[in-house]
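Visitor: Sequence first, then the predicted structure:
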Amino acid sequence: MRINCMCTANIQPATSQRKLLLSVIREAKGHLDAKELYRRASKRNASISLATVYRNLRFFKEQALIDERHFGHTRSCCYEMKRSEEHYHLVCRDCGHVIEFESPLIHKLVAEIRRKNNFDVTRVELCLEGYCHDCKKEEKPLSKVT
């Protein structure tokens, strides 16, 4: 576990609750919000509090162990383990289902933007909203893309 490999000025112990929360995030099939993380973790350790969850999520973000995502109007912030490869998200506006995907076209677009604008892109976050296969069976009006 990486949490013991921190700057010596701010060493934080790898507590059992911290290990549990990281374990729950790793095991999650998808993205978890803080309340869902709390629900799952408290099943395994009843002494964990929601405040502890929020405190540790902030700590994990500061240590670059997790990413915080904001998925449009359908969901609150969600968390996932930091991954080395860039990936993007499709979010269903009805059910909130999140589908992760990778695309070489986005990599090409970023390279072109860097070149044309002499701009150093350090992060790309793409979230496309629409309707998943199950939800689009019901006809939806096409909303304006922003």
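Guide: Cool, the structure landed. Treat the numbers as computed from the prediction; the structure is a model and nothing was measured.
Visitor: and the nearest residue in space to residue 79 that is not next to it in sequence, how many neighbours does it have?
Guide: What sits nearest to residue 79 in space, not counting adjacent residues and going by CB to CB, 6 or more residues apart in numbering, is residue 66, at 5.0 Å. C-beta here means a position set from N, CA and C on the backbone, and glycine is covered the same way. Counted with other CB atoms under 10 Å, the neighbours of residue 66 add up to 21.
Visitor: Same question for residue 131.
Guide: 18.
Visitor: and residue 107, backbone torsions?
Guide: In terms of degrees, to the nearest 10, the main-chain angles of residue 107 are phi -60, psi -40.
Visitor: any idea how far residue 121 is from the residue nearest to it when sequence neighbours are not counted?
Guide: Closest residue to residue 107 apart from its sequence neighbours, by CB to CB, 6+ apart: residue 86 at 7.7 Å. Distance of residue 86 to residue 121, computed by CB to CB, to the nearest Å: 11 Å.
Visitor: what about these two, which has more around it?
Guide: Neighbours per residue (other CB under 10 Å) separate residue 86 from residue 121, with residue 86 holding more: 14 against 11.
Visitor: Return the residues in contact with the more buried one.
Guide: By CB atoms under 8 Å, 6 or more residues apart in numbering, the contact set of residue 86 is 102, 106, 107, 124.
Visitor: so is it in a helix, a strand, or just coil?
Guide: Residue 86 falls in the coil class when you classify it by DSSP: H, G, I helix; E, B strand; the rest coil.
Visitor: repeat for the one 4 residues further on
Guide: Per three-state DSSP, the secondary structure class of residue 90 is strand.
Visitor: partners of it in the sheet?
Guide: Taking DSSP bridges, one obtains residue 99, residue 128 as the residues bridged to residue 90.
Visitor: thought it was touching residue 103?
Guide: No. With contact defined as CB atoms under 8 Å, residue 90 does not reach residue 103; the gap is 11.0 Å.
Visitor: circling back: now do the phi/psi pair for the residue nearest to residue 107.
Guide: Main-chain torsions, residue 86, degrees, to the nearest 10: phi -70, psi 140.
Visitor: Spit out the contact partners of the nearest residue to residue 42 once chain neighbours are set aside.
Guide: Counting by CB to CB, 6+ apart, residue 42 lies nearest to residue 48, which is 5.3 Å off, once chain neighbours are set aside. Residue 48 sits next to 17, 20, 21, 38, 41, 42 when contact means CB under 8 Å, 6+ apart.
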